[in-house]
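A.B. asks: I would like to see how this sequence folds:
(2 chains)
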Amino acid sequence: MSSAEKSHTEKMKDIQDKLKKRSEEIFKDGPDFDEPQYTGDPSKVFEEDESDSDDTNSKQSS
Amino acid sequence: MQATHLDAERRYELYRSESRQYAQAALPQKYKGAVSLKGIDPRSLARAKAWEASERREVDWNWTKGYEVYSLRYPKRFELAIWKDDILCGLSIGRPSYNGSRLRLDFTERAPDNCPLRGQVMQINLLAAESYALRIGANEMRIMHPSNQELVNYYARHGYKYVKGTMDFDDAHERNPHYLYKRL
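C.D. replies: Okay, here's the model as predicted:
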């Protein structure tokens, strides 16, 4: 295995470990029936992100 | 479609797929085999169409038209369809900032009627979105435009902090958006 492949594998392992811990946090109290039916504002879904304003032509394309 | 756009779509589809697999694997045991995390496809959009007729639905958003535009405009987007067996329980879309340092969740919705994962859809979505954020190397999650204090309280229980925008929840012409954020 090359060092680049090893680095990638370790990175992915790190992500999976973090998710496992995070999952325990999120689900520790079981279902939360206060959950909202939706999150976000449909009228603002396409709003420009603050950090996109400096380069609107190339955003999301590279 | 420009070649760079197409290339981004292909590359990030791989990240979306990988991150969904990671989130799926990290779900508690009770979900294994019954809950599946997928991308948004014609089947899920067709199911979401039925939500529009629900009297319990609290929001007006056309997933078919909205997703069509969103997916074309944002090739690096986060997208998620949450299924329990053959029932669509939730859909979600988001996108990374230009420099990729954070992921913003733009819109998430749970099935308004008879959702077998009620109370768990936003939790599952949170895990999947954070998985995608980590996969693309972002170090912050943002949940945009929380509509009320209850929603702020809900996400605060999962470690999110509220940033007030120019005004408050009802400011339709806000100059600076309000959001919740969490460092990853």
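A.B. asks: Measure how buried the closest residue to B:Arg110 other than its chain neighbours is and give me the count.
C.D. replies: Distances taken as C-beta to C-beta, 6 or more residues apart in numbering or on different chains place B:Val121 nearest to B:Arg110, at 4.2 Å, with adjacent residues excluded. (Each C-beta comes from the backbone N, C-alpha and C, glycine too.) Other residues within reach of B:Val121, judged by other C-beta atoms under 10 Å in any protein chain shown, total 26.
A.B. asks: what residues are up against B:Val121?
C.D. replies: Residues counted as contacts of B:Val121 (C-beta atoms under 8 Å, 6 or more residues apart in numbering or on different chains) are A:35, B:82, B:89-90, B:110-111, B:115.
A.B. asks: let's see it at 7 Å
C.D. replies: A:35, B:82, B:89-90, B:110, B:115 (C-beta atoms under 7 Å, 6 or more residues apart in numbering or on different chains).
A.B. asks: Looking at those, which is nearest A:Glu24?
C.D. replies: Looking at the contacts of B:Val121 and their distance to A:Glu24, the nearest is A:Glu35, at 18.4 Å (C-beta to C-beta).
A.B. asks: Okay, and the nearest residue to the closest one once chain neighbours are set aside sits in which element?
C.D. replies: Of all residues not flanking A:Glu35 in the chain, B:Met122 sits nearest, at 4.5 Å (C-beta to C-beta, 6+ apart). According to DSSP states H and E, B:Met122 maps onto helix B:121-135.
A.B. asks: immediately after that helix, which helix or strand?
C.D. replies: strand B:140-144.
A.B. asks: Each with direction, which strands does that next one pair with?
C.D. replies: Paired with strand B:140-144 in the same sheet, following DSSP bridges, are strand B:102-110 (parallel), strand B:179-183 (antiparallel).
A.B. asks: Please identify the buried residues of that strand?
C.D. replies: Within strand B:140-144, the residues scored as buried using 16 or more other C-beta atoms under 10 Å in any protein chain shown are B:141-144.
A.B. asks: now the next helix or strand after that strand, how far from the centre of its chain.
C.D. replies: Scanning forward in sequence from strand B:140-144 by DSSP H and E, the next helix or strand is helix B:149-156. Remark: helix B:149-156 is offset 16 Å from the chain centroid, using C-alpha atoms, centre = their mean, to the nearest Å.
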